[in-house]
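Novice: Just to be clear, the model below is a prediction. Sequence and coordinates:
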Amino acid sequence: MTETTHIAEEGAAPACELIRAPLGLLAELTYRCPLQCPYCSNPLNMEKSPAELTAGEWGDVFQQAARLGVLQVHLSGGEPCLRPDLEDILKHAVAAGLYTNLITSGVTLTRDRLEGLAALGLDHVQLSVQDVDPEAADIISGYKGGAPKKREVARWVRELGLPLTINVVVHRHNIERLPAMIDYAVEVGAGRIEVAHTQYYAWALKNRAALIPTREQFKRSVEITNEARERLKGIIVFDVVAHDHYAVRPKPCMGGWGRNLIDITPTGKVLPCHACEGIPGIEIDNVRTKPLADIWIKGQSFNMFRGTSWMKEPCKSCERREIDWGGCHCQALSMTGDACATDPACELSAFHKDFAKLAEDEAAAPPPPFIYRRIGAYTEVKAAE
């Protein structure tokens with residue numbers, strides 16, 4: 001049974017068990033993006049949609065989220081700055097009393113717009129950096145000239161007195177420059193760096209052979225990060241998202257399925273996990289047709305893997321079952337055909353050795369060209385296969 005720290009808003013459906021309040025809301029404002037990163041977490045089958053939630057609809061969502069107990073909203077995408085009404089969306093989040101974090105590539109931002117967002121109450125900026133090598137950054141992102149603009153945006157953020165996080169997605173094309181990327185974060189005045197090893201679902205799964213590093217490279221990156229964390233203590237905080245294929249035990253999906261985070265897509269779908277729409281039998285609700293509290297507490301998708309009652313062995317009797325909460329269900333599904341199976345990142349999984357060997361074999365081979373993330377690209381790839 002899951003713990004409780006909050007009750008639903010008035011009028012919500014009664015809960016079948018006590019459920020804790022979510023801490024964060026990931027608001028995917030749009031799938032449009034000038035970058036084409038091959039590891040993007042947006043869905044493969046994303047299409048242009050005229051049906052994005054309006055600023056007013058987001059405002060209603062934020063009010064519902066605040067009543068439910070959400071403390072933070074992460075304004076993301078795609079590229080959230082492509083929304084011409086971003087300022088109105090931010091106003092609604094501030095009015096709801098939520099801590100606001102803008103997750104951006106920075107390439108479309110101007111100083112005037114950033115200054116305006118800060119004046120409206122923006123609390124924090126998270127800036128993605130593909131590489132410190134400008135040419136490599138252009139190749140990875142499929143966008144020319146992004147690196148110098150990102151450095152400029154980082155400078156504006158600090159000049160305006162906003163906290164800054166630098167996000168670095170690590171893979172075989174930039175892993176050897178991890179020390180330089182850590183130095184970059186310090187140089188631009190970031191208070192936090194997220195060293196996120198590529199998570200292989202959505203576009204990253206399609207590009208796994210092009211992205212996956214060797215086991216030796218991963219182990220060395222862990223040593224580099226641990227050394228830097230100790231050396232830079234009191235200067236910058238490290239958040240690390242570990243690589244799964246070379247792991248011994250899994251990490252919890254989204255901090256635990258249905259425990260901490262709500263993901264809402266541009267058209268209002270409410271997800272417990274970025275990639276969960278491909279799980280057989282899952283039923284996805286939408287904030288346009290159902291209250292957020294009802295979805296969080298009673299929604300079939302959030303209860304599908306919440307807690308431990310869904311678990312099979314060896315998860316069911318594992319002493320870590322309320323630490324990793326069974327790991328990644330999409331990864332289990334991809335490797336075993338069963339979303340309820342043990343995450344193959346776990347050494348107790350019957351598929352663990354095959355899971356690791358798959359990575360080792362792909363990392364040993366020359367990387368294929370990227371399949372770049374763009375709207376409609378997956379349809380084109382499928383048609384060509």
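Specialist: The structure has been received and is ready for your questions. None of the values given here were measured: they were computed from a predicted structure.
Novice: Provide the secondary structure category for the residue nearest to Gly189 when sequence neighbours are not counted.
Specialist: The spatially closest residue to Gly189, leaving aside those adjacent along the chain, is Arg158, at 4.2 Å (C-beta to C-beta, 6 or more residues apart in numbering). Just so you know, the C-beta spots here come from the backbone N, C-alpha and C atoms, and that holds for glycine as well. What DSSP: H, G, I helix; E, B strand; the rest coil gives for Arg158 is helix.
Novice: distance of the nearest residue to Glu283 once chain neighbours are set aside from Ala293?
Specialist: Spatial nearest neighbour of Glu283, chain neighbours left out: Gln300 (4.2 Å); criterion: C-beta to C-beta, 6+ apart. For Gln300, the distance to Ala293 (C-beta to C-beta, to the nearest Å) stands at 15 Å.
Novice: okay, these two: which has more neighbours?
Specialist: Between Gln300 and Ala293, counted using other C-beta atoms under 10 Å, the more crowded position is Ala293 (24 against 12).
Novice: I figured that one hits Leu68, correct?
Specialist: Yes: using C-beta atoms under 8 Å, Ala293 makes contact with Leu68 at a distance of 5.2 Å.
Novice: if we can go back for a sec, thinking the residue nearest to Glu283 is in contact with Ile279, fair?
Specialist: No: between Gln300 and Ile279 there is no contact under C-beta under 8 Å: 11.2 Å.
Novice: So which residue is smack in the middle of this protein?
Specialist: Ser41 (6.6 Å; C-alpha atoms, centre = their mean).
Novice: just the helices in the stretch 1-150 of the chain please.
Specialist: For the stretch 1-150 of the chain, helices defined by DSSP state H, counting those that start in this stretch occupy the ranges 55-68, 86-95, 111-120, 134-141, 146-159.
Novice: Return the set of buried residues in the first one.
Specialist: For helix 55-68, burial by neighbour count (16 or more other C-beta atoms under 10 Å) applies to 55, 58-68.
Novice: for the third one, same thing?
Specialist: For helix 111-120, burial by neighbour count (16+ other C-beta under 10 Å) applies to 114, 117-118.
Novice: Show the average pLDDT along it.
Specialist: For helix 111-120, the mean per-residue pLDDT is 98.
Novice: How about stretch 366-377?
Specialist: For stretch 366-377, the mean per-residue pLDDT is 90.
Novice: what comes into contact with that stretch?
Specialist: Residues outside stretch 366-377 that contact it (C-beta atoms under 8 Å, 6 or more residues apart in numbering): 31-33, 35-38, 40, 42, 46-48, 140, 142, 172-173, 203, 206-207, 209-211, 381.
Novice: let's go with 6 Å and repeat that
Specialist: Stretch 366-377 has contacts (C-beta atoms under 6 Å, 6 or more residues apart in numbering) with 36-38, 40, 46, 48, 142, 203, 206-207, 209-210, 381.
Novice: Same question for stretch 342-358.
Specialist: The contact list for stretch 342-358 (C-beta under 6 Å, 6+ apart) reads 244-245, 247-250, 314-315, 327-328, 331-332, 335-336.
Novice: Sketch out the low-pLDDT regions of the stretch 251-385 of the chain for me.
Specialist: Residues of the stretch 251-385 of the chain meeting the criterion pLDDT under 70: 377-385.
Novice: Would you list the buried entries among the contacts of stretch 342-358?
Specialist: Judged by 16+ other C-beta under 10 Å, buried ones among the contacts of stretch 342-358: 244-245, 247, 250, 315, 327-328, 331-332, 335-336.
Novice: ok, the residues you listed vs Leu26, which is closest?
Specialist: Of all the buried ones among the contacts of stretch 342-358, Leu26 sits closest to Cys328, with 16.8 Å by C-beta to C-beta.
Novice: hang on, Ile89 packs against Leu53?
Specialist: No: between Ile89 and Leu53 there is no contact under C-beta atoms under 6 Å: 8.9 Å.
Novice: How far off centre is the longest helix seen in the chain?
Specialist: As assigned by DSSP state H, the longest helix anywhere in the chain is helix 215-231. What separates the centre of helix 215-231 from the centre of its chain is 22 Å, taken as C-alpha atoms, centre = their mean, to the nearest Å.
Novice: could you check the angle helix 215-231 makes with whatever helix or strand comes next after it?
Specialist: Downstream of helix 215-231, the first helix or strand assigned by DSSP states H and E is strand 237-241. Relative orientation of strand 237-241 versus helix 215-231 (axes from the mean of the first three to the mean of the last three C-alpha atoms, to 10 degrees): 160 degrees.
Novice: buried residues in strand 237-241?
Specialist: Neighbour-count burial for strand 237-241, with 16+ other C-beta under 10 Å as criterion, is recorded at 238, 240.
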